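[1] Pasting a predicted model and its sequence here:
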Amino acid sequence: MTETWTDAERELANRMRGADIISVRQFTAPDLGTLLQIVERFETVTSPVLQGKVLGALFFEPSTRTRLSFESAMVRLGGGCIGFADAGISSAAKGESLPDTIRIVESYCDIIVIRHPREGAGRAAADAAEKPVINGGDGSNQHPTQTLLDLYTIRRRMGTVAGLRVGFVGDLKYGRAAHSLIEALAMLGNELVLVSPESLRLPPRQREDLDALGGVWSETPDLASVVPGLDVLYVTRIQRERFGDPLDYERVKDVYQVDEATIAPSRDGLIVMHPLPRVLEIHPSVDASPKAAYFEQAANGVTVRKTLLSLLLGVTP
Ligand code: NCD
């Protein structure tokens with residue numbers, strides 16, 4: 001398989017050996033395209049290329065897909081996993097600092113994935129570690145590996161990750177999956193339509209970043225008016241855990257509920273995506289639609305994470 005890699009793929013693989021993955025901004029638009037090509041190569045990799053390697057999975061926040069798909073990727077490639085899914089049972093509960101935890105854990109493993117409620121925790125962990133660190137979500141900031149699996153899903157379904165009109169609906173204020181993907185899609189030359197209630201609009205910093213990237217985007221609270229023009233509808237959960245005041249959550253929690261009627265006026269080729277977990281925002285009746293891509297999206301997480309673990313560990317099949 002190695003023989004058939006393009007120069008760009010080899011060059012990116014070399015650069016990623018030993019690196020961290022903290023933010024989508026560390027990649028250029030051509031890098032993202034090349035990385036998706038490499039992910040495609042990993043679809044067929046089932047040999048134990050990561051035998052003897054250990055992943056440390058430190059989850060200071062709840063997770064199902066991100067943690068388990070990283071662990072599955074590691075195990076499927078022959079490696080092992082250590083870690084915790086509940087920071088309450090780690091020494092963080094005794095007051096240990098994040099850099100101390102990282103320094104210890106990296107002596108037990110070869111690569112770390114960390115999810116943490118504090119923005120910048122992924123960067124801080126990478127600064128404390130000698131070994132590669134992957135940001136599995138830091139507060140409302142970034143979720144770069146989610147973005148890579150989102151892009152991979154779009155590419156598989158639409159045949160491209162450029163020139164599309166992508167609608168984002170839901171919690172654009174706190175949603176890190178949306179924040180990362182919005183940036184990446186702008187870098188790749190897509191048009192973005194941001195749909196949210198007033199209180200959950202994209203924050204000023206992310207707007208500035210979007211403008212700095214030359215992003216083409218518009219904003220509206222009205223989902224129905226934009227559905228017919230979209231190629232992709234990316235639905236996000238209203239994130240109750242990030243609201244300071246529970247009443248603010250109650251006011252907006254069911255403001256968008258995508259059902260069959262919502263997507264009936266859409267283009268035939270529309271795909272509906274969601275990083276999951278969903279609560280009320282996509283009705284289960286949409287699941288049977290050929291437009292629903294969210295379960296496939298979650299499944300793609302394993303291939304994407306197999307690729308990232310292998311590249312960062314410098315093992316290419
Ligand atoms: C997202 C997250 O944790 O940021 N989930 C995920 O990683 N698939 C989105 C969410 O929790 O709503």
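    Nice, I can see it. Numbering: from 1, shown residues only.
[2] From here on, just use CA atoms for contacts and neighbour counts.
    Fine.
[3] And the pLDDT at whichever residue of the chain sits closest to the ligand?
    Proximity to the ligand, evaluated over the chain using Cα to the nearest ligand atom, is greatest for residue 275 at 4.3 Å. As predicted, residue 275 sits at a pLDDT of 98.
[4] hang on, it packs against residue 177?
    Yes: judged on Cα atoms under 8 Å, residue 275 makes contact with residue 177 at a distance of 7.0 Å.
[5] For these two, list the residues in contact with both.
    Common contacts of residue 275 and residue 177 (Cα atoms under 8 Å, 6 or more residues apart in numbering): residue 146.
[6] so what's residue 296 up against?
    residue 153.
[7] Enumerate the residues of the stretch 51-200 of the chain near the ligand.
    By the rule Cα under 6 Å from any ligand atom, the part of the stretch 51-200 of the chain lying against the ligand is 65, 66, 137, 176, 177.
[8] Residue 147: neighbouring residues, count only.
    By other Cα atoms under 10 Å, 25 other residues sit near residue 147.
[9] Name the SS class of it, please.
    helix (DSSP: H, G, I helix; E, B strand; the rest coil).
[10] what sits against it?
    24, 177, 180, 181, 184.
[11] Return the residues of the stretch 201-317 of the chain in contact with the ligand.
    237, 275, 276, 277.
[12] Quickly check the residues you listed for the two that are furthest apart.
    Farthest apart among those by Cα to Cα are 237 and 275. That separation is 8.5 Å.
[13] most surrounded residue in the contacts of residue 147?
    residue 184 (27 neighbours).
[14] so that one is in which element?
    If you go by DSSP states H and E, residue 184 is part of helix 176-187.
[15] and after that helix, which helix or strand comes next?
    Toward the C-terminal end, the helix or strand that comes next after helix 176-187 (DSSP H and E) is strand 191-195.
[16] who touches that next one?
    Here strand 191-195 makes contact (Cα under 8 Å, 6+ apart) with 163-170, 172, 182, 185-186, 201-202, 215-223, 226.
[17] Check the offset of it from the chain's centre.
    Chain-centre distance of strand 191-195: 18 Å, with Cα atoms, centre = their mean, to the nearest Å.
[18] buried residues in that strand?
    Within strand 191-195, the residues that count as buried by 16 or more other Cα atoms under 10 Å are 191, 192, 193, 194, 195.
[19] before we move on, back to that, let me have the residues of the stretch 201-317 of the chain next to the ligand in JSON lines, extended by neighbour count and secondary structure.
    Shown next, in JSON lines, are those (neighbours: other Cα atoms under 10 Å; DSSP: H, G, I helix; E, B strand; the rest coil):
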{"residue": "237", "neighbour count": "23", "secondary structure": "coil"}
{"residue": "275", "neighbour count": "22", "secondary structure": "coil"}
{"residue": "276", "neighbour count": "16", "secondary structure": "coil"}
{"residue": "277", "neighbour count": "14", "secondary structure": "coil"}
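[20] Between these, which sits nearest residue 53?
    residue 275 (28.0 Å).
[21] which ones are touching the closest one?
    Contacts of residue 275 by Cα under 8 Å, 6+ apart are 146, 150, 177, 235, 236, 294, 297, 298.
[22] can you map out the helices along the stretch 101-250 of the chain?
    121-128, 144-158, 176-187, 204-212, 223-226, 246-252 (DSSP state H, counting those that start in this stretch).
[23] So which of those helices has the densest surroundings on average?
    The highest mean neighbour count among the helices of the stretch 101-250 of the chain, using mean count of other Cα atoms under 10 Å, belongs to helix 176-187: a mean of 24.
[24] pLDDT averaged over it - what is it?
    In this model, helix 176-187 has an average pLDDT of 98.
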